[in-house]
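# Make a model of this:
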Amino acid sequence: MRFEPVVGWGALPEGWRYVEAAGVAVDAKDNVFVFTRGEHPVIVFGRDGRFLRSWGEGLVRRAHGIIIDAGGMVWLTDDAQHTIRKFTPEGTLLLTIGDPDNPSTLQGGQPFNRPTHVAICPKSGDLYISDGYGNSRVHKYSPDGRHLFSWGEPGTDPGQFNLPHNLTTDAQGLVYVADRENHRIQIFDGAGRYQEQWNNLHRPCGLFTDRRDGDHVYVGELGSGNPVTAQTPNIGPRVTVLDSKGQRVCRFGGQLAGEEPGEFVAPHGLVTDSRGDCYVAEVSWTQRGKLETPPREVRCLQKFRRLVS
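The predicted structure follows:
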């Protein structure tokens with residue numbers, strides 16, 4: 001498995017800015033939905049990178065996660081509003097889970113305190129929500145938004161979390177959790193029972209399962225968050241593809257953070273389309289652009305074409 005960057009994909013209308021892209025999702029027609037932290041929260045492109053439309057203006061406080069369900073509905077996670085919301089593909093609000101004015105107690109275990117992402121069981125349609133920044137929990141909800149149960153607590157043991165930042169499900173309904181600051185992916189069944197964990201990862205941040213391709217798991221890994229090790233090579237930022245057993249299939253990105261095509265600053269969300277091409281959203285403003293003098297916007301979205309082996 002190999003990929004090459006598609007330079008210049010996803011050009012915006014004149015005068016528009018991404019600021020940064022927190023997440024990306026693809027619908028059944030291979031339209032690409034980019035969840036940004038700019039003035040236009042959801043920006044939709046065709047597979048060829050042609051701008052189609054935007055929506056969500058004035059509705060989002062801080063973009064974090066996006067996923068599109070089997071019916072084509074769009075689920076947005078807004079960690080600053082402590083909510084998960086379901087929209088039509090055109091941006092009509094259908095359901096809100098969580099109260100933006102009433103976050104739960106910090107690390108208290110109840111939903112939500114800065115949730116990070118949603119995954120959907122392909123068999124039941126149930127929702128799994130990583131409550132990562134202000135909790136160390138995964139919450140399970142019914143498709144209509146009813147809380148079923150939760151699991152997890154702070155720590156480093158199996159079933160414990162240190163910032164569950166993203167999650168995904170495979171064709172069998174197993175739940176994969178990017179336990180970011182524990183540098184691992186933990187795997188659970190649909191009842192929240194621990195199954196196993198995958199290591200040899202560095203701050204796994206983005207997570208996506210391509211069920212059309214043998215349940216390959218795509219992992220966006222962040223680089224070092226410590227200035228002392230910021231120039232240490234081969235620990236990210238990068239994208240790693242694992243098979244269903246957790247064995248590495250391929251890895252792409254530079255040895256260090258960079259802005260050349262194919263390099264990364266902060267891969268935060270990722271997805272594949274029906275042809276196996278990969279789209280990577282990066283929080284490059286947070287990790288680099290706003291820290292520079294003067295601040296500058298850094299590329300935050302890349303498409304990678306999958307090559308025939």
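# Can you show me the helices along the stretch 151-300 of the chain?
For the stretch 151-300 of the chain, the helices defined by DSSP state H, counting those that start in this stretch occupy 284-287.
# Show me the shaky parts of it.
Regions of the stretch 151-300 of the chain meeting the criterion pLDDT under 70 are absent.
# now the strands for it?
164-169, 175-179, 184-188, 194-198, 204-210, 216-221, 238-242, 248-252, 267-272, 278-282 (DSSP state E, counting those that start in this stretch).
# Which other helices and strands does the fourth one contact?
Right, strand 194-198. Judged by 3 or more CB pairs under 8 Å, 6 or more residues apart in numbering; DSSP states H and E, strand 194-198 is in contact with strand 184-188. C-betas here are computed from N, CA, C, even on glycine.
# How far does stretch 21-35 stretch from one end to the other?
Stretch 21-35 has an end-to-end distance of 6 Å (CA to CA, to the nearest Å).
# Now do that stretch: distance to the chain's middle.
11 Å (CA atoms, centre = their mean, to the nearest Å).
# again, but for stretch 219-226
Distance, stretch centre to chain centre, for stretch 219-226: 13 Å (CA atoms, centre = their mean).
# ditto for stretch 284-303
Centre-to-centre, stretch 284-303 and its host chain are 18 Å apart (CA atoms, centre = their mean).
# okay, the strands of the stretch 151-300 of the chain in JSON lines with distance to residue 230 next?
Output for the strands of the stretch 151-300 of the chain, formatted as JSON lines (distance: least, CB to CB, whole Å):
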{"stretch": "strand 164-169", "distance to residue 230": "20"}
{"stretch": "strand 175-179", "distance to residue 230": "21"}
{"stretch": "strand 184-188", "distance to residue 230": "22"}
{"stretch": "strand 194-198", "distance to residue 230": "25"}
{"stretch": "strand 204-210", "distance to residue 230": "16"}
{"stretch": "strand 216-221", "distance to residue 230": "15"}
{"stretch": "strand 238-242", "distance to residue 230": "15"}
{"stretch": "strand 248-252", "distance to residue 230": "20"}
{"stretch": "strand 267-272", "distance to residue 230": "16"}
{"stretch": "strand 278-282", "distance to residue 230": "17"}
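# Let's have these in CSV, adding distance to residue 130 and mean neighbour count.
Shown next, in CSV, are those (distance: least, CB to CB, whole Å; neighbours: other CB atoms under 10 Å):
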stretch, distance to residue 130, mean neighbour count
strand 164-169, 4, 26
strand 175-179, 6, 28
strand 184-188, 11, 21
strand 194-198, 15, 15
strand 204-210, 9, 25
strand 216-221, 14, 24
strand 238-242, 19, 22
strand 248-252, 23, 15
strand 267-272, 13, 26
strand 278-282, 17, 27
